[in-house]
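# I need the structure of the sequence given here:
(2 chains, ligands or ions: 1)
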Amino acid sequence: MSDKVLLDYGSGGRASQRLISELFLKYLGNDELNRLNDAAELSVSGRVAMSTDSFTVDPIFFPGGNIGSLAVHGTVNDVAMMGAIPRYITCAYIIEEGLPMDDLERIVSAMGEAVKTAGVTVVSGDTKVVPKGAVDKIFINTTGIGDIIVDPAPSGDAARSGDAVLISGTIGDHGLTVLGTREGLDFEAKVESDSAALNHLLVKLVRELPEVHVLRDPTRGGLATTLNEITTSSNVCCELDENSIPVKPEVKGGCSILGLDPLYLANEGKFLCVLPEAHAEKALEIMRADPLGKDACRIGTMTDANPGKVVMLTQLGGKRLLGMLEGEQLPRIC
Amino acid sequence: MSLEFLQKFRDPDMCRKILDKMESELDRDLRFMEVCGTHTVAIFQSGLRSLLPERIVHLSGPGCPVCVTHESEVNAFLDLAGRAGIIMATFGDLMRVPGDGGRNLKKATADGARVKVVYSPFDTLKLAKENPGDLVIFIGVGFETTAPTIAATMKMAREQGVDNLRILCFHKTVPPALDALLSDEAINIDGFILPGHVSAIIGVKPYDFIAEKYSKSAVVTGFEPLDILQSLMQMIDWRKKGEAHVVNNYTRIVGANGNQKALEIMYEVFEPADALWRGIGLIPGSGLEIRPEWEQFDAKKEFGIVIKDCPPLKGCKCGDILKGIKQPNECPLFGKACTPANPVGPCMVSTEGSCAAYYKYKLD
Ligand code: SF4
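From the prediction side, this is the model:
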């Protein structure tokens, strides 16, 4: 294969076949995918969760991962947040002509690793190569499907007054890493994305505690926006305790330099869990027993004080509103 | 400065003590203005706003650089964005600032204008070098805090022979604006929380006139809750005693004389000039212009841009808010026609603007 991705590789002809067999099957292959049929034959029955997402992250490589692993983690996590065991995944690559073949290989191999760790099977895929400038380097779409194992499935509108609000770890790591890498900013202390597949931990959690009301991963828009979505759909108030929200010192530092708020930064390896007070301790115990949840803690309580709103109890004991993110976060002037 | 060190200035017990003392010692309303938008946000974000005694009337002043950027200045940079061969460079805050006809830089980008958000003025130098066939125009908005770095960038550009960088200079200086506010009879302010960042450059002396000429107090203040509370408490004490002082409480960052080197470089490149402030109007000597010796960088000269006064946006009360005459929720458009998603005035668009802070953080 040439050292750069050429338009030929998307032609559907021999070059495409070579790309698929020498690269994609090498890292993602399995009995079903290797058959290279027009569609996959799967046996699915009962209640399933399905989710799709397109990944357009810039830069495509960042400390802690790349667009390939991210595309798996994002979708696997979305399926798992429904109280489901993710089983199958599909992926569609849209590649800009001229992308170095080495870069593509790094991406596909990271995807292969991520799939293995998550324990899901890639059953269908697609590759398109588009002329230079038509996309920015590479876009990946993934779709995932899994069996729902709890009834009712956790849902954004199921939070109730009195529920405990838990987070599985520190926030803002992914968002600050991507932004810092994109802008070539050198932070004093190194930050790294938290991108990870949370399905094993989530499955353990819902198996032991099917009473969980809401599971959500606070990706774009961050913790603040996700909590606002939950309080709006459930018509409850979330009272957050600022002191207990875990943020790594290096993320705090980076944010204060740029005038950003970690509460609005994206996360790719964390989840929010809202469940009845009585199960909060047990949930934390389960989360903390897993390396991906070792920093799990309780950050607040759902109440009926200000329905639809997120209220922050500050370190000083004051109260303020924590609104949704409006557009993207932009660094400030001074 | 380490975060552990800063934590000392957030100590809840100490804060509580001062708050209690304030509550017992305030014998009448105290109207204080925090000049700088960063203070406005700090007061809301820390929850101080909900804890301060009701008798403390908290006013946000003209210290958010985006908010005071005049309509005519906004239109000037929006007119340049999208022209062939031009790359506009700006800090992020300006992307959503509305100009006439609802234009803004975000929309201009979607229409094909080349606009680059930079994190430091020095980035513009790199941008100019990377795009030798284009003219890179940096939108120079801000106070004494940003002007010296821009001056340094211009010096570097000259040394390195970079000839495709221009500055659209809309810089403003803080002390003349406070003088203008204090001389306005309609404005009633007991004391100022002075901007820490600006003072790091200019020091404390330029504010002495506040006590000498107007018998009001002012305290250069840091951005942590204890910084703010201590400064307020001092002003309460002084007022009771009938005294007025200008002091520096932010000694961990601000020296009495500021940063002489930064000032030197700033005045080597810029000279004081009259400037138009949004909502306030013309304030003599409150702007910075590029000196004739540096006019090779002056985008205003090159493109014949004239900043002229124009009627304010219909219904927008930004002027009264910047002057401390009204609170954001007293504007008829607040939260209705004017929200962060659809800002009418700049006080709503800038993250440090008082309307945006009110909208974003205020619970009731
Ligand atoms: S609410 Fe909007 S229109 Fe009213 S003063 Fe603030 S920015 Fe201007």
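# Which parts of the chain are strands?
If you meant another chain, say so; for now it's chain A. Ranges of strands in chain A, per DSSP state E, are A:48-55, A:61-62, A:65-66, A:84-96, A:121-130, A:138-148, A:163-167, A:214-216, A:237-241, A:272-276, A:297-303, A:310-313, A:319-321.
# wait, I meant chain B there
Using DSSP E, strands in chain B cover B:30-36, B:56-63, B:86-90, B:114-117, B:135-140, B:165-169, B:191-195, B:217-221, B:246-248, B:270-277, B:281-290.
# that older thread, chain B is nearest to which of the strands of chain A?
The closest of those to chain B is strand A:319-321. By CB to the nearest CB, the value is 4.4 Å. C-beta here means a position set from N, CA and C on the backbone, and glycine is covered the same way.
# helices or strands up against the closest one?
strand A:310-313, helix B:48-51, helix B:354-361 (3 or more CB pairs under 8 Å, 6 or more residues apart in numbering or on different chains; DSSP states H and E).
# repeat that for 7 Å
On a contact count with 3 or more CB pairs under 7 Å, 6 or more residues apart in numbering or on different chains; DSSP states H and E, strand A:319-321 meets strand A:310-313, helix B:354-361.
# ok, the shortest one: who's next to it in the sheet?
Right, strand A:310-313. According to DSSP bridges, strand A:310-313 forms sheet pairs with strand A:237-241 (parallel), strand A:319-321 (antiparallel).
# Next, the buried residues of that strand.
By 16 or more other CB atoms under 10 Å in any protein chain shown, the buried positions in strand A:310-313 come out as A:310-313.
# Select the longest helix from the chain.
Just so you know, I chose chain A. If you go by DSSP state H, chain A has its longest helix at helix A:101-118.
# hm, I was asking about chain B
Chain B, longest helix under DSSP H: helix B:225-241.
# Show me which positions of that helix end up buried.
For helix B:225-241, by 16+ other CB under 10 Å, it's B:225-236, B:238-239.
# Tabulate those in a markdown table, adding columns for distance to residue B:248 and pLDDT.
As requested, those are exported to a markdown table (distance: CB to CB, whole Å; pLDDT from 0 to 100):
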| residue | distance to residue B:248 | pLDDT |
| --- | --- | --- |
| B:225 | 18 | 92 |
| B:226 | 16 | 93 |
| B:227 | 11 | 93 |
| B:228 | 14 | 95 |
| B:229 | 16 | 95 |
| B:230 | 12 | 95 |
| B:231 | 10 | 95 |
| B:232 | 15 | 96 |
| B:233 | 16 | 96 |
| B:234 | 11 | 96 |
| B:235 | 14 | 95 |
| B:236 | 18 | 94 |
| B:238 | 15 | 94 |
| B:239 | 19 | 92 |
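# Put together a markdown table for those, with distance to residue B:279 on each row.
Putting the buried residues of helix B:225-241 into a markdown table (distance: CB to CB, whole Å) gives the following:
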| residue | distance to residue B:279 |
| --- | --- |
| B:225 | 29 |
| B:226 | 32 |
| B:227 | 28 |
| B:228 | 25 |
| B:229 | 29 |
| B:230 | 31 |
| B:231 | 26 |
| B:232 | 26 |
| B:233 | 31 |
| B:234 | 30 |
| B:235 | 25 |
| B:236 | 29 |
| B:238 | 30 |
| B:239 | 28 |
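# closest to chain A among those residues?
residue B:225 (5.6 Å).
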